[in-house]
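S.K.: got a predicted structure plus its sequence, pasted below:
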Amino acid sequence: MSVLYFGAWPSDGEEENPLHSVSRLVAPSLDHVGASLHSVEIEDGWSGPEVLAVRLRLRIPWRGRTLDYLFAVGEDVLQLCDAFGAAEITRDSVADLVRGGCAGLLVGQAEGHWLDAKSEEYDLTSTRGKISLAQAVARFANAEEGGLIVVGAKAKKIPDGEVIREVRGIVPRHSDTRARYLRVLDHHLYPPALGIRIDLIPAEGKRALIAIDIPPQPEEQKPFLVHGAITAEGETEGAFISIVQRRGEGSIPITAPMIHSTLAAGRALLRGQTTHKGDRPRVEESD
């Protein structure tokens, strides 16, 4: 089976870049349904100065499959290409994909420094659940590029990290999910992170996905602190303060030397400003 995708030429004019990007993009999704990518090539007859036509030939097991199924596989491939094209996959593009009801296309895509999949909803009736939510948001708020948390998506460990293997959604515990999440963050995250967006996206049946989108935060606001901590032994300490940040698929604590250097730099800056304000112009006396 073949699929014809129409997109834009890359800005550098190189043909190999979009072909490689498209191959890397659709291969995990095809593998999830037992299919594979046979070839991808430029269709010169359909391409023009402004339009790039790419033909993707797919290998799909056809026994027991209906035409509707084959059409759906091809449609998913086109949706992936439309969502990402030859451009780099970004937090913004994935967030738009999830909010648009196409989160299932993330299956096979890798987690990373700005994407995190959570299979279960945070239990906001417990202190542990509240701290876990605040820490998850703080990790991305302390990162350079922000991040996206998709609650209702399940990841699987592989040698190179983790990939999203399933997007089923969860049955929301409450009808006012967004308001509850924001209240928890207001209470446990300091300073308040700017521009956080929380969306409840309907899935199959009574299920839904919760997308928590954390845009990049101003450096002068960092580090973001969480009122509460979960110790290495798994115990919850509500009176502690924790500082965490995202690295790759995991997270690391911000160390004492890092905190000290930030505080010292801030104090030095304040001291310099105070001295500057205290300086008075010299007035020379004349005879």
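M.R.: Here it is on my side, so go on.
S.K.: need the residues that contact stretch 112-120.
M.R.: Defining contact as C-beta atoms under 8 Å, 6 or more residues apart in numbering, one finds that stretch 112-120 is touched by 91, 94, 106, 109, 111, 136, 139-140, 143, 145-155, 161-162, 164, 166, 170, 246-249. Just so you know, the C-beta spots here come from the backbone N, C-alpha and C atoms, and that holds for glycine as well.
S.K.: let's go with 7 Å and repeat that
M.R.: Applying C-beta atoms under 7 Å, 6 or more residues apart in numbering, the set of residues contacting stretch 112-120 from outside is 91, 94, 111, 136, 140, 143, 145-151, 153-155, 164, 170, 246-249.
S.K.: of those, buried ones?
M.R.: Buried members of the contacts of stretch 112-120, counted by 16 or more other C-beta atoms under 10 Å: 91, 94, 111, 136, 140, 143, 146-151, 153-155, 164, 170, 246, 249.
S.K.: what is the neighbour count of residue 183?
M.R.: Using other C-beta atoms under 10 Å as the criterion, residue 183 is surrounded by 13 other residues.
S.K.: also residue 96?
M.R.: 13.
S.K.: helices along the stretch 1-150 of the chain, start to end?
M.R.: Using DSSP state H, counting those that start in this stretch, the helices found in the stretch 1-150 of the chain span residues 16-32, 67-84, 91-99, 127-141.
S.K.: so which of these is the most surrounded?
M.R.: Compared across the helices of the stretch 1-150 of the chain, helix 127-141 shows the largest average neighbour count, a mean of 23 (mean count of other C-beta atoms under 10 Å).
S.K.: ok and that helix relative to helix 91-99, angle-wise?
M.R.: With axes from the mean of the first three to the mean of the last three C-alpha atoms, to 10 degrees applied, the angle from helix 127-141 to helix 91-99 works out at 140 degrees.
S.K.: so which elements touch helix 127-141?
M.R.: Contacts of helix 127-141 with other secondary structure elements, assessed using 3 or more C-beta pairs under 7 Å, 6 or more residues apart in numbering; DSSP states H and E, are made with helix 177-188, strand 189-190, strand 208-214, strand 225-230, strand 236-242, strand 244-247.
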